[in-house]
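J.: I'll drop the sequence and a predicted model, then ask my questions.
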Amino acid sequence: MSRQIVFRSFLVLMLASTLAVAQTDAQLRFCLHSDPKTFNPLLAEEDSSETVRYLTGGVLMRLNRMTQDLEPELATSWKISDAGKTITFTLRTGLSFSDGTPFSADDVAFTIQQMMDPSLHSPTGDAFRSGDGKTVSKVLTPDRVSVTFPAAIAGLDKLFDQVAIMSAKSPKKEMAVLGPYDVLEYKAGNYLLLEKNPHYWRQDAAGKQLPYIQTVRLDIQSNRDTEMLRLVRGEIDFINSLDAEYFDKLVQQNPALVHDSGVSLDSEQMWFNQVPTSPLPDYKKAWFRSTNFRRAISEAVNREDLARVVFRGHARPAIGPMSPANKFWFNAKLQAHSFDQKSALARLAQDGFRLQDGVLKDHDGHAVEFSIITNAGNKYRERMATMIQQDLSGIGVKLNVVTLDFPSLIERITRSFDYEACLLGLIGNDLDPNSSQMNVWMSSGENHQWNPNQKAPATAWEAEIDKLMREQATSLDPKKRKAAFDRVQEIAWEQEPFIYLVNRNALSAVSPNARNVHPVVLRPQVYWNIDEISISNEVARNR
C-alpha cells in the first residue's frame with residue numbers, strides 16, 4: 001500500500017472521528033417518566049410538563065438553584081410597592097420569541113391576564129391569588145409594566161420564577177417561547193425533541209450565544225431499570241433524581257456517575273387522625289389529641305435507623321416543616337427528636353398509660369393498638385412502616401401496617417377520614433412558606449392533614465400558628481417574616497401534629513460527557529443551568 005493511500009485513509013478516519021464528536025456535541029439526552037400533559041406553561045402541574053416549561057420558558061427572574069438567590073432574567077430590575085400589592089418590572093429590550101415575534105411589556109400583561117383568569121384554572125396562578133378582586137396589569141411603556149394584586153403577597157418577586165412569559169401576538173401561541181429551547185418534534189410515548197432557540201437572549205462571558213447544546217432529546221421512559229441501563233451504556237447523559245437503591249447500584253458499577261448533593265427539601269412524615277367527625281372510637285380520638293401521646297410515639301421511633309437502613313444513609317433525621325436545605329427559612333435552633341423509649345414511657349405515664357406484661361394500656365385499660373396506612377408499591381414507605389412497627393413494640397404499642405392503592409388512600413385522608421394514622425411524604429418545590437406551607441399550617445387548609453378545613457382553630461396552638469402564618473404572609477419585612485415562621489416551626493416541633501421522620505438526600509447521576517453540571521438540592525437538581533451545560537469533545541458516546 002502506498003504512502004499516499006495510507007495518508008488518505010488516515011484523513012478519512014480522522015474526518016469520521018471529528019464528525020462523530022461533532023454529533024455528540026449537538027445533543028443532550030435524558031428521560032421523562034411520562035408524556036407531558038400540556039405544553040401550556042400556565043397549566044404545567046406534573047413533573048414532565050414542568051420540565052418542558054423549565055427548558056423552554058423565559059421568566060422575568062430566576063431563582064439560582066445553587067445560591068438560592070433571585071437573579072434578573074427577562075426583567076433587568078423590579079420594584080415592589082403599594083404595601084406589597086404592586087410589582088413593577090423594567091424589561092430587557094430588543095428580545096424576540098423563538099419565532100421572531102418581538103417581546104414587550106404587552107406580553108407580560110397578557111401572560112398575567114391569562115394566568116389569573118379563573119376559567120383557565122392555572123396551577124401557576126394559584127400562588128398569586130391573594131384575595132377577592134381583580135389583578136390589574138398596566139403597560140407603562142414598551143419596556144415597563146406593573147401588576148397590582150387585590151392584596152399584599154409576601155415574597156411576591158420569587159413567585160415569578162415559575163411564570164413563563166407567553167406571546168400576546170404570535171400565531172404559535174404558547175409554542176412561541178423565550179427560553180433556551182423550543183419544541184421541534186413530539187411523538188407521544190416515544191420522545192420529545194427540543195432545539196436551540198435561535199433568538200435566546202443570553203450569552204456567555206466570551207459573547208457566545210447560549211445554550212451551547214443544539215438539541216435536547218427527552219425520551220419517554222417510565223421503567224427506571226431501563227433508564228439506569230441506558231445511562232451506564234452512555235445512551236443518556238443524566239438522571240435528575242435517583243432513589244437510594246439505584247444510587248447504590250450505580251456506586252458499585254461506576255462511582256464517577258453519581259452525586260449526593262445532601263439533604264433535600266423532601267420529607268417523610270406520619271400523623272394521627274384528629275378529625276372530630278371521624279368514625280374512630282372516642283378513646284382513640286383522645287389518644288391522638290394528646291400532645292404527650294404524639295411526642296411519645298415520636299421519641300419511640302429511631303430516625304437514625306430509618307435514614308441508615310431504609311435510605312442507605314442517603315437521608316437524615318427530619319426536624320420540622322422546613323429542611324436544613326432551605327438556607328434562609330430553616331430554624332437552626334431546632335434539633336431532631338432523639339430516640340428515647342424511656343422518655344416516651346414517662347410521657348405516656350403523665351396521661352395515665354401504663355406498661356403491663358409488655359402491653360401499653362391507657363387509664364381505662366384499652367390496649368394501645370392502631371393502624372397506619374401508606375401507599376402500596378412504595379417500598380421505602382413500606383420498609384419505614386415495618387421499622388416503626390418494630391420500634392413501637394418496644395414501648396408496648398401494637399402497630400398494624402395497611403397498604404392501599406393511592407386513590408383509596410386519598411379517599412381515606414380527605415373524604416371519609418376512616419383511618420387512624422398515615423405515613424406519606426411531601427415534595428418540596430418552593431422555598432418560601434407563603435407558597436409552600438400556607439395550605440398545610442392554616443387550620444382552614446385542605447392539607448392541614450390531621451384535621452383539615454376547620455371553621456375555627458381546634459386548639460390554642462393552631463390558633464397561634466394561624467396568626468403567625470397570616471403575619472408572615474402579609475409582612476414585607478424579611479426579618480419579621482423569618483421570626484414568625486421560626487415560631488411556627490417551634491410550635492410544630494413541640495406539638496408534633498406531623499411526626500417528621502426523615503429528609504431524603506438529593507441524589508442524581510451524570511455522565512462524564514456532560515460538562516459544567518453542578519447538581520444541587522433544589523429541583524431541577526441537574527439541569528437548573530441548562531443553557532450553560534455542554535457536551536465534552538473528549539469522549540464519544542453511543543447514539
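T.: Yep, that arrived.
J.: going forward, measure contacts and count neighbours with C-alpha atoms only.
T.: Noted.
J.: without its sequence neighbours, what residue ends up closest to the residue most central in space within the chain?
T.: Centroid-nearest residue in the chain, with C-alpha atoms, centre = their mean: residue 429, separated by 2.8 Å. In space, and not counting its chain neighbours, residue 429 is closest to residue 523: 6.6 Å by C-alpha to C-alpha, 6 or more residues apart in numbering.
J.: tell me the SS of the one you found?
T.: coil (DSSP: H, G, I helix; E, B strand; the rest coil).
J.: the residue nearest to the centre of the chain touches residue 522, doesn't it?
T.: Yes - in this structure, residue 429 is within contact of residue 522 by C-alpha atoms under 8 Å, at 7.2 Å.
J.: mutual contacts of the two, please.
T.: residue 265 (C-alpha atoms under 8 Å, 6 or more residues apart in numbering).
J.: for the protein, which strand is longest?
T.: Counting residues, the longest strand found in the chain (DSSP state E) is strand 258-272.
J.: and it, which strands flank it?
T.: strand 421-426 (antiparallel), strand 498-510 (antiparallel) (DSSP bridges).
J.: out of the ones you listed, which gets nearest to residue 176?
T.: Nearest to residue 176, of all the strands paired with strand 258-272, is strand 498-510, at 30.1 Å by C-alpha to C-alpha.
J.: direction included, what does the very next helix or strand once past the closest one pair up with?
T.: Elements were assigned by DSSP states H and E; along the chain past strand 498-510, the next helix or strand is strand 514-515. Under the criterion DSSP bridges, strand 514-515 sits next to strand 534-535 (antiparallel) in its sheet.
J.: who touches the partner strand?
T.: For strand 534-535, the external contacting residues (C-alpha under 8 Å, 6+ apart) are 24, 25, 26, 27, 28, 212, 213, 513, 514, 515, 516.
J.: so where is the chain shaky, pLDDT-wise?
T.: Applying pLDDT under 70 to the chain flags the ranges 1-25, 537-543.
J.: domain ranges for it?
T.: 21-56+179-237+511-543, 58-171, 264-504 (automatic domain parsing).
J.: got the end-to-end distance for the shortest one?
T.: From its first residue to its last, domain 58-171 covers 18 Å (C-alpha to C-alpha, to the nearest Å).
J.: just how off-centre is it within its chain?
T.: 21 Å (C-alpha atoms, centre = their mean, to the nearest Å).
J.: the nearest residue to residue 28 once chain neighbours are set aside and residue 39, how far apart?
T.: By the measure of C-alpha to C-alpha, 6+ apart, the closest residue to residue 28 outside its immediate chain neighbours is residue 216, 4.7 Å from it. Distance from residue 216 to residue 39, counting by C-alpha to C-alpha: 16 Å.
J.: between the two, which one's more packed in?
T.: Each of residue 216 and residue 39 has its neighbours counted (other C-alpha atoms under 10 Å); residue 216 has more, 22 against 17.
J.: so which helix or strand takes in that one?
T.: Per DSSP H and E: strand 215-220 holds residue 216.
J.: so how many other residues sit close to the residue nearest to residue 429?
T.: Residues near residue 523, counting by other C-alpha under 10 Å: 20.
J.: again with residue 367
T.: By the criterion of other C-alpha under 10 Å, residue 367 has 18 neighbours.
J.: OK, contacts around it?
T.: Residue 367 neighbours (C-alpha under 8 Å, 6+ apart): 359, 360, 361, 397.
J.: repeat that with 10 Å
T.: The contact partners of residue 367, by C-alpha atoms under 10 Å, 6 or more residues apart in numbering, come to 353, 354, 355, 356, 359, 360, 361, 396, 397, 398.
J.: and of those, the nearest to residue 318?
T.: residue 397 (22.6 Å).
J.: let me have the contacts of residue 367 in a markdown table, adding distance to residue 411, secondary structure and neighbour count as columns.
T.: A markdown table is the format used below for those (distance: C-alpha to C-alpha, whole Å; DSSP: H, G, I helix; E, B strand; the rest coil; neighbours: other C-alpha atoms under 10 Å):
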| residue | distance to residue 411 | secondary structure | neighbour count |
| --- | --- | --- | --- |
| 353 | 32 | coil | 22 |
| 354 | 35 | strand | 21 |
| 355 | 35 | strand | 17 |
| 356 | 36 | strand | 11 |
| 359 | 32 | strand | 17 |
| 360 | 31 | strand | 22 |
| 361 | 31 | strand | 19 |
| 396 | 30 | coil | 20 |
| 397 | 27 | coil | 22 |
| 398 | 25 | strand | 19 |
